[in-house]
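**Student:** Quick one, structure for this:
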Amino acid sequence: VGLGNDGLRLLAEGLACYSSLADGVLDLSRNDIGDEGLQALASSLASNAKLRELNLCNNNISDTGWEALAESLAHNRALRVLSIAANAAITKIGVRAISRSLQSRKCSLEDLRLDRIYICEEGGKILGDALSNNTSLVALSLRCWGNAVSIG
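**Tutor:** The predicted structure is shown next:
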């Protein structure tokens, strides 16, 4: 069953108050997290200075959640690795939101994993345009639906 939205909301409250994670890694993969849970986490990430790596793979997050996360990434200077692979509900709207945060001078992401997300041609163009202005990203993984495409 996993953590779910309610559990993540409580975790996010804790992260906002006590931002020390021993190794700076938070693995929330396969926790049945949806948009509501990610929105709660996103609000605490905007000011979190300890979290270096966040894994949100294999959840139920759609564009609404990704838009909230992207907004917080524009203000977070600590996060270096973000994996949002296998969240099939993301569309070009979510890709556009993530791309906007990649264009922010405050963005410190070095490794972005978008595996098994159908980006589509238009989403690829949006992402490509964002990357032309990004100076922090050194690895981007786009392994998608059997087409292993990875840059980095």
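
**Student:** what's the single longest helix in this structure?
**Tutor:** For the chain, the helix with the greatest residue count under DSSP state H is helix 4-17.

**Student:** What distance do you get for the closest residue to residue 8 other than its chain neighbours to residue 82?
**Tutor:** Leaving out its chain neighbours, the residue that sits closest to residue 8 by CB to CB, 6 or more residues apart in numbering is residue 37, at 3.5 Å. C-beta here means a position set from N, CA and C on the backbone, and glycine is covered the same way. In this structure, residue 37 and residue 82 are 16 Å apart, going by CB to CB, to the nearest Å.

**Student:** Between these two, point out the one with more neighbours.
**Tutor:** Neighbours per residue, other CB atoms under 10 Å: of residue 37 and residue 82, the larger number sits with residue 37, 28 against 20.

**Student:** Give me the below-cutoff pLDDT ranges for this structure.
**Tutor:** Across the chain, residues meeting the criterion (pLDDT under 70) sit at 1, 17-22, 145-152.

**Student:** quick one, helices of it?
**Tutor:** 4-17, 35-45, 63-73, 92-103, 120-131.

**Student:** mind checking how far residue 86 is from residue 41?
**Tutor:** Here the criterion is CB to CB. By it, residue 86 lies 18 Å from residue 41.

**Student:** Those two: which has the busier surroundings?
**Tutor:** In terms of neighbours (other CB under 10 Å), residue 41 is the more surrounded of residue 86 and residue 41; the figures are 27 against 17.

**Student:** Correct me if wrong: that one contacts residue 13.
**Tutor:** No. Residue 41 lies out of contact with residue 13 (CB atoms under 8 Å); the separation is 10.0 Å.

**Student:** got a list of contacts for stretch 90-108?
**Tutor:** The set of residues external to stretch 90-108 that reach it, using CB atoms under 8 Å, 6 or more residues apart in numbering, is 61-63, 65-67, 69-71, 73-80, 84, 109, 112, 114, 117, 119-120, 122-123, 126-127, 129-131, 133-134, 136-137.

**Student:** if you set the cut-off to 7 Å instead, what comes out?
**Tutor:** For stretch 90-108, contacts defined as CB atoms under 7 Å, 6 or more residues apart in numbering pick out 62-63, 66-67, 70, 73-75, 77-80, 109, 117, 119-120, 122-123, 126-127, 130-131, 133-134, 136-137.

**Student:** Ok, stretch 116-130 next?
**Tutor:** Outside stretch 116-130, the residues within contact range by CB under 7 Å, 6+ apart are 85-87, 90, 92, 95-96, 99, 102-103, 142-145.

**Student:** Alright, calling it a day.
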